[in-house]
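> Based on what follows, work out the 3D shape:
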Amino acid sequence: MIRKKGKKKKKKRIIAAVLLGIVLYAAIMGIAFGMVRAAGKKSLRGNSETARPGMMPVKAGEELTQEEEQQWQEGWVKYQGNLYAYNEDILTFLFMGIDKDSGGERAAERTDGGNADALFLAVMNPKKKTVQIIGINRNTMADVDFYDEKGDYFMTSKAQITVQHGFGNGLEESCEYQKKAVSRLFYGLPIHGYAAISMSAIPTINDAVGGVDVKVIEDLTAKDKSLVKDAEVHLMGKTAFWYVKYRDANIFGSADMRLERQKQYLNAFVTAAKNAAKKDIGVVLDLYRAIVPMMVTDITLDEVAYLAPAALDYQFGGEGSFYMLEGETVMGEEFEEFYPDEDALYEMILEIFYEPVELQ
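Predicted coordinates for the structure are as follows:
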């Protein structure tokens, strides 16, 4: 009996030691993950070259009152009689869909980096716990920096913003050029990170979250027989690729219709991704690793570790979650040109990135 009691006590000590080891391991991993997230948060804040947009402080025709002059702070904006201050807690990311069959490869010439056929700004607002998306028409006429085949800059001129990525090496250099062009379009908006993904990665990204459900808004049976207008389709593999990527360049305004499909798809994708991540947060890191070979990004793993859990608590979808640049598409000498409504753009920036100021 004494020997059996001794064995039981020893067994209990072993179990206790194992449990203690598991607890300590979990605690260490939790602390390590917390440190990685903290490093990621700090890193993201240092990624932007500017602290706030360079909005015109006072729009034409508006004057400051004496009280406003006395309390005025750098970075404030007055518009239609109201004061606004930039929300410096916001994190903004540029996502680019590159029109190349492969990603992550250096271009042979500095003018062959591939067009940015899809351009979206994702805006995370920690105060409101919201994610908002801004879709940018690929044909938006903007200031584009032109470089020769050797990579030497020679001029800045108005052109479709999609071509900016084509200059550079097709990797980080091209992304930095595109980031600069988009930031400049938005009055010098701080952009905290970017990801350029080859359009060929769409099936991988789509299938990683189990596919995406959409109601087809444009007949695309020329590429996939299942993509009949108004049909309810669960997009998988190549079907998702055609839905997001295809447009008939011979039809005027085809880029505008494709952007509408991309807007619809992104809304549905985010829902599918959040549902998948809630079941298994590892989906986010698995997805990140899967698309790395087809992606160029300055968002690091520690930044992903910070963003992924935070994003699950953020609201996306419904009214005010997705914005499109307002403007007009016209036919240029060779290609379509989209001219944004400058007043609408200015007001959109104020609505998303600024907060009303109440004077003391």
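> Where does pLDDT dip in the stretch 201-350 of the chain?
281, 305, 308-312, 317-320 (pLDDT under 70).
> Can you tell me the element Arg261 falls in?
Secondary structure from DSSP states H and E places Arg261 in helix 254-279.
> if I look at His234, how far off is Val283?
Distance, His234 to Val283, using C-beta to C-beta, to the nearest Å: 18 Å. For glycine as for every other residue, the C-beta is placed from the backbone atoms N, C-alpha and C.
> Need the pLDDT of Tyr84.
Listed pLDDT for Tyr84 reads 93.
> What residues sit buried inside the helix or strand where it lies?
Here Tyr84 sits within strand 82-86, counting by DSSP H and E. Neighbour counts over strand 82-86 (16 or more other C-beta atoms under 10 Å) mark 83-84, 86 as buried.
> How about stretch 287-301?
Buried, per 16+ other C-beta under 10 Å, within stretch 287-301: 287-288, 291, 294-300.
> And for stretch 153-160?
For stretch 153-160, burial by neighbour count (16+ other C-beta under 10 Å) applies to 159-160.
> Can you tell me what sits against that stretch?
Contact with stretch 153-160 is made by 138-148, 335, 337-338, as judged by C-beta atoms under 8 Å, 6 or more residues apart in numbering.
> Doesn't Ala142 belong to a strand?
Yes: Ala142: assigned to a strand according to DSSP: H, G, I helix; E, B strand; the rest coil.
> who touches it in this structure?
Applying C-beta under 8 Å, 6+ apart to Ala142 gives the contacts 158-161, 164, 181, 184-185.
> okay, among the residues you listed, which ones form the most distant pair?
Based on C-beta to C-beta, the longest span within the contacts of Ala142 runs between Gln160 and Arg184 and measures 14.4 Å.
> For the closest residue to Phe167 other than its chain neighbours, name its beta-bridge partners.
Closest residue in space to Phe167, ignoring its immediate chain neighbours: Tyr147 at 4.4 Å, by C-beta to C-beta, 6 or more residues apart in numbering. Following DSSP bridges, Tyr147 is listed with bridge partners Tyr153.
> Quick check, pLDDT for Tyr147.
On the pLDDT scale, Tyr147 is placed at 90.
> Touching, it and Gly166? I think so.
No: if you go by C-beta atoms under 8 Å, Tyr147 and Gly166 don't touch, sitting 9.4 Å apart.
> Compare these two (neighbour count), which wins?
The neighbour comparison of Tyr147 against Gly166 (other C-beta atoms under 10 Å) goes to Gly166, with 25 against 19.
> Against Ala290, how distant is that one?
26 Å.
> Report the contact partners of Arg289.
Here Arg289 is in contact with no residue (C-beta under 8 Å, 6+ apart).
> all helices of this protein, in order?
Under the criterion DSSP state H, the chain contains helices at 2-45, 66-71, 172-185, 202-208, 237-245, 254-279, 282-291, 301-312, 342-353.
> what's the single longest strand in the chain?
Determined from DSSP state E, the single longest strand within the chain is strand 116-125.
> Note down every partner strand of that one and its orientation.
Strand pairing for strand 116-125, using DSSP bridges, gives strand 91-98 (antiparallel), strand 130-136 (antiparallel).
> and for the last one, what are the contacting residues?
If you take C-beta under 8 Å, 6+ apart as the criterion, strand 130-136 is touched by 119-125, 161, 182, 185, 259, 262-263, 266, 270, 311, 314-316, 320-325, 348, 352.
> Would you list the buried entries among the residues you listed?
119-125, 161, 182, 185, 259, 262-263, 266, 270, 311, 314, 316, 322-323, 325, 348, 352.
> Need the per-residue pLDDT for Arg45.
In this prediction, Arg45 carries a pLDDT score of 59.
> The residue nearest to Phe167 and Lys100, how far apart?
From Tyr147 across to Lys100, the span is 18 Å (C-beta to C-beta).
> go on, Leu301?
25 Å.
> again, but for Lys129
Separation of Lys129 from Lys100 (C-beta to C-beta): 36 Å.
> higher neighbour count, those two?
Lys100 (22 against 12).
> Wait, Ala231 touches Val216, no?
Yes: assessed by C-beta under 8 Å, Ala231 is found in contact with Val216 at 4.8 Å.
> Would you mind giving the buried residues of stretch 287-301 as a markdown table with distance to Gly210 added?
Listed next are the buried residues of stretch 287-301 as a markdown table, based on distance: C-beta to C-beta, whole Å:
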| residue | distance to Gly210 |
| --- | --- |
| Leu287 | 11 |
| Tyr288 | 17 |
| Ile291 | 16 |
| Met294 | 19 |
| Met295 | 20 |
| Val296 | 26 |
| Thr297 | 23 |
| Asp298 | 28 |
| Ile299 | 23 |
| Thr300 | 26 |
